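J.: Provided below are the primary sequence and the corresponding predicted coordinates.
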Amino acid sequence: MIGRLVTGDRLRWALPWAARRAARWVAPGARARPRHLLVALCDHFEPLHGGVPHAQGVARVQAWRERYPALAAEFRDDDGRPPRHSFFFPGEQYHPALVEPLAELCAAGLAEVEVHLHHDGDTRASLRPVLEQSLRDLASHGVVPEVGGRPRWAFIHGNWALANARRDGRWCGVDDELDLLFELGCYADFTFPSSPDECQPRQTNALWYPEGDVRARRAHERGAPASVGSRRDDRLLLVTGPVALARRPGSPRVRIEASALTAKDPGTEARLRTWLDAHVHVQGRPEWGFVKLHTHGAPEREADSLLGAPQRGLHEALARLRGEGVSLHYVTAREMFNVALAAMDGLGGSPGDHRDYVVPPPSRATSG
């Protein structure tokens, strides 16, 4: 079945994925489930998606400002924290009225704001000032953490085209983008998975550092899964969400599961089981599982799903994991990165203790 599915290179990740999955069936203890589950929802949050007027973009942001606190108030993780939302805001859409309500959610302890960017036809020289301006814009709202006076931030690439990943060179243009991002203070990329898009790397269900020359095109294609003792401070980390070939309940058809939440395909108990089975973790610390989900939550239809009954259903399914001996930890992208570093440094206990391990919260979160 998998062999028939994999046509061209849009699913070139599937055969390595299948081989690793088969190996897990025979390795002793390899199918053990995590005892702690970290869940981060990373939103490609584009208020002006679809070319809507500015006023509609403001209304979309206000909908989240008004409705998200009520949803979050209904749920708590095993650390007593509510669901946490990571808004990756597109720098090219910046306007104070589109960011300040998100900063208020940050101050309320419900969200953090990171960097998203759509760009095309750039060079390193032309992209650098764009990223620097985006950081200044977001920093004016107090949502960009600093370490030693240097901004520290996470990134999602628009159109998935990280490090000039498309064959035709569209939607980027910068082969050495990973190196530039790191130079400007980016600690981790959260772009993937993107399947069936051609930008999907072969590496799946792992956290990893790019190997070799990070200035090379698609440098993130090469890298061994992160493990205890493998921490590096000279390049950014790739954090990916679960990806798999799976079946919907009651259907014989195989689908691509790329951990995207949409109004048409919200989080469900069955999808949660697939994410758990992917068992993304730092090697040597299998008891800490990482589930990075993504969405495009600004448009009205998607917001209604993420702020309404479908998303409540996902949180209820997550809560039921406690009955199976799994501790739940809601985290932001920054917190997920910090916990990953703690795992690589050999720290144990509860991952919730390491949310601020290296990169602190932004000032808006601590002053709110």
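T.: Arrived safely.
J.: quick check: the gap between residue 285 and residue 277.
T.: The gap separating residue 285 from residue 277 is 18 Å, by Cβ to Cβ, to the nearest Å. Yep, even glycine has a C-beta here, placed from its N, CA and C like the rest.
J.: tell me which of those two has more neighbours.
T.: A count of neighbours by other Cβ atoms under 10 Å puts residue 285 above the other of residue 285 and residue 277, at 22 against 16.
J.: quick check: mean pLDDT across stretch 43-55?
T.: Taken as a whole, stretch 43-55 carries a mean pLDDT of 98.
J.: do stretch 124-139 as well
T.: 98.
J.: the chain should start at 18 in everything you say after this.
T.: Sure, I'll start numbering at 18, so the last one becomes stretch 141-156.
J.: which outside residues touch that stretch?
T.: Applying Cβ atoms under 8 Å, 6 or more residues apart in numbering, the contact partners of stretch 141-156 are 106, 108-109, 111, 116, 130, 132, 134, 136, 139, 161, 168, 170, 190-191, 193-194, 197-198, 201-202.
J.: try it again with 6 Å
T.: 108, 111, 132, 161, 168, 191, 193, 197, 201 (Cβ atoms under 6 Å, 6 or more residues apart in numbering).
J.: of these, grab the buried ones for ChimeraX.
T.: Those of those that count as buried under 16 or more other Cβ atoms under 10 Å are selected in ChimeraX with:
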select :108,132,161,168,191,193,197,201
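J.: which ones among the contacts of stretch 141-156 map onto helices?
T.: Within the contacts of stretch 141-156, residues falling in helices by DSSP state H are residue 197.
J.: so what does the longest helix anywhere in the chain touch, helix or strand wise?
T.: When the chain is parsed with DSSP H, its longest helix is helix 71-89. Helices and strands touching helix 71-89, by 3 or more Cβ pairs under 6 Å, 6 or more residues apart in numbering; DSSP states H and E, are helix 113-124.
J.: next, the angle helix 113-124 makes with the longest helix of the chain.
T.: Interaxial angle of helix 71-89 relative to helix 113-124 (axes from the mean of the first three to the mean of the last three Cα atoms, to 10 degrees): 10 degrees.
J.: not counting its own residues, what contacts helix 71-89?
T.: With Cβ under 6 Å, 6+ apart, helix 71-89 has contacts from 64, 65, 99, 100, 114, 115, 118, 127, 315, 320, 324.
J.: out of these, who's nearest residue 332?
T.: Distance to residue 332 across the contacts of helix 71-89 (Cβ to Cβ) is lowest for residue 100, with 6.4 Å.
J.: show me which of the contacts of helix 71-89 are buried.
T.: 64, 65, 99, 100, 115, 118, 127, 315, 320, 324.
J.: of all those, which comes closest to residue 53?
T.: residue 100 (16.4 Å).
J.: in this structure the closest one contacts residue 345, no?
T.: No: between residue 100 and residue 345 there is no contact under Cβ atoms under 6 Å: 10.0 Å.
J.: ok, the nearest residue to residue 270 once chain neighbours are set aside - how many residues close by?
T.: Closest residue to residue 270 apart from its sequence neighbours, by Cβ to Cβ, 6 or more residues apart in numbering: residue 264 at 6.7 Å. When neighbours are defined as other Cβ under 10 Å, residue 264 has 14 of them.
J.: tell me the pLDDT of residue 264.
T.: 82.
J.: how close does it get to residue 165?
T.: From residue 264 to residue 165 the distance is 49 Å (Cβ to Cβ).
J.: re the thing from before, columns secondary structure and distance to residue 281 on top of the contacts of helix 71-89, output as TSV?
T.: Listed next are the contacts of helix 71-89 as TSV, based on DSSP: H, G, I helix; E, B strand; the rest coil; distance: Cβ to Cβ, whole Å:
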residue	secondary structure	distance to residue 281
64	coil	21
65	coil	22
99	coil	26
100	coil	21
114	helix	30
115	helix	25
118	helix	26
127	coil	25
315	coil	16
320	helix	14
324	coil	16
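J.: and those residues, which two are furthest apart?
T.: Farthest apart among these - using Cβ to Cβ - are 65 and 99, which lie 27.8 Å from each other.
J.: on that earlier part again, now the buried ones among the contacts of helix 71-89 in CSV, with distance to residue 243?
T.: Formatted as CSV, the buried ones among the contacts of helix 71-89 follow (distance: Cβ to Cβ, whole Å):
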residue, distance to residue 243
64, 33
65, 35
99, 28
100, 25
115, 34
118, 35
127, 28
315, 31
320, 33
324, 33
